[in-house]
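Enquirer: curious how this folds, go ahead:
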Amino acid sequence: MLKGLSDSIQQEFKLQTDPASRVLDVVSEAGELAKSVLKSTAYGTQPFTVTENFKEELGDTLFALLVLCAETGVDPDEALDAALDKLRKRLSVKNELGSGK
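Expert: Numbers count the residues shown, from 1 in each chain. Next up is the predicted model:
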């Protein structure tokens, strides 16, 4: 499902650049998402609520990740499945999700 979406996004918007620039875009969008969380919580003094800005930044971050997948030839469905398998294994072995690094 995500593979087709990432390919169609790349074709529709004609986005081609090097993977390093794409990774920087992902990090930039994740930073904007984090800033949205900080603002919605008044810098940690209030409970988190989903705002329209949060939804927008989350969409931008997802878009950047899908474009990175398309540009590098990584199937996002396979990458997600591998990540979920890894987390399930950690949970069953260590009873926690963290990598312990």
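Enquirer: and Arg88, what's its pLDDT?
Expert: Confidence at Arg88, expressed as pLDDT, is 94.
Enquirer: helix or strand for it, just tell me which one.
Expert: helix 76-94 (DSSP states H and E).
Enquirer: who's in contact with His50?
Expert: Quick fix: residue 50 is Val, not His. With contact taken as Cβ atoms under 8 Å, 6 or more residues apart in numbering, Val50 is in contact with Ser40. C-beta: built from backbone N, CA, C; applies to glycine.
Enquirer: any idea how far it is from Ser36?
Expert: 10 Å (Cβ to Cβ, to the nearest Å).
Enquirer: how about Ala79?
Expert: As for Ala79, its distance to Ser36 is 25 Å (criterion: Cβ to Cβ).
Enquirer: so for these two, which sits in the more crowded spot?
Expert: When Ala79 is set against Ser36 and neighbours are counted by other Cβ atoms under 10 Å, the residue ahead is Ser36, at 19 against 14.
Enquirer: surely Ala30 meets Phe63?
Expert: No - between Ala30 and Phe63 no contact is recorded; they are 11.9 Å apart, counting by Cβ atoms under 8 Å.
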